[in-house]
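J.: All I have is the shape, not the residue letters:
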């Protein structure tokens, strides 16, 4: 059994799980030799009716979008597989967090890490979620980097059909809205970068009301358990240890913004030294934390070769 020395010295540990945008070709081989990894890929591939490990490993050179890692129908399940395999290996070594959070899709991994949902429940839930999101066709999204927050708030208040979908940090947000609204704000807001995202819809916004309603109906059939570790939800950044509250928060997530900036601030408000452990293929959330929080310690776990902190 491994020993989490940082917890021994009363340093608070946060496990965080990234969502879409953190995927990369080759991420499967970084975990495939870990215990149960092959069985988990096989199980999920059978449910999704395609070879998910191959999708993780090979560039899609065909015209079949269903074989592309960046297709949300594949991205979500492949990221969950990588993250869940890594976190279970950490648990087996004796590591455990004091609280857990995940960004967008990562919230489902967080619920798995906290024993709220089983592996099998998560597979079914992600299949439903990814198909609903993939079929969304209203609106689009754009990332904004380097802006004045007050000016952004004024612009959003003055332009209809646009919201902050991901409030990622003090210097980075993702907007969801109609294509016309996004074009208008891109021409009127001063910022360092404005990046239109290649997505099927305006995720985490009111444009997702219908898919969110269908997802909520699906969640009604899923049993949630009380978490073994407090979880911070995207739609309600607070420490929760209640199964029903966590289910309600997840129901809201698809049509509400991801309040990640507030999540980081909440972690930072505990008044104790803490460390963020990002579990996933890329250091997306670690990068946000470095820019938003002063002096925070960050460690990334992305493969079988760095299962320690």
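T.: Structure's in. What do you need? Worth saying up front: this structure is predicted, and the values here are computed from it rather than measured. Numbering: from 1, shown residues only.
J.: Confirm for me that residue 159 is in contact with residue 182.
T.: No: Residue 159 is beyond contact range of residue 182, at 9.2 Å (criterion: CB atoms under 8 Å). Bear in mind the C-beta positions are built from the backbone N, C-alpha and C, glycine included.
J.: which of those two has more neighbours?
T.: Per other CB atoms under 10 Å, whichever of residue 159 and residue 182 has more neighbours is residue 182, with 23 against 18.
J.: what's near enough to touch that one?
T.: By CB atoms under 8 Å, 6 or more residues apart in numbering, the contact list for residue 182 reads 140-142, 162, 175, 196.
J.: Show me which positions of the helix or strand harbouring it end up buried.
T.: Applying DSSP states H and E as the criterion places residue 182 in helix 179-188. The neighbour-count criterion (16 or more other CB atoms under 10 Å) identifies 181-182, 184-185 as the buried residues of helix 179-188.
J.: Most widely separated two among these?
T.: Comparing all pairs in the buried residues of helix 179-188 by CB to CB, the longest separation belongs to 182 and 184, at 7.3 Å.
J.: Buried among the contacts of residue 182? Need that as a selection in ChimeraX.
T.: Here is the ChimeraX selection string for the buried members of the contacts of residue 182, based on 16+ other CB under 10 Å:
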select :140,141,142,162,175
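J.: Which of the contacts of residue 182 sits closest to residue 28?
T.: residue 141 (26.7 Å).
J.: Quick one: residues contacting the nearest residue to that closest one once chain neighbours are set aside.
T.: In space, and not counting its chain neighbours, residue 141 is closest to residue 197: 4.4 Å by CB to CB, 6 or more residues apart in numbering. Residues near residue 197 by CB under 8 Å, 6+ apart: 140-143, 174.
J.: likewise residue 31?
T.: Counting by CB under 8 Å, 6+ apart, residue 31 touches 37, 82, 85-86, 303-304.
J.: which residue sits closest to it, ignoring its sequence neighbours?
T.: residue 85 (4.7 Å).
J.: Could you count how many residues lie near that neighbour?
T.: Using other CB under 10 Å, the number of residues around residue 85 comes to 23.
J.: With residue 37 instead?
T.: Residue 37: 22 surrounding residues under other CB under 10 Å.
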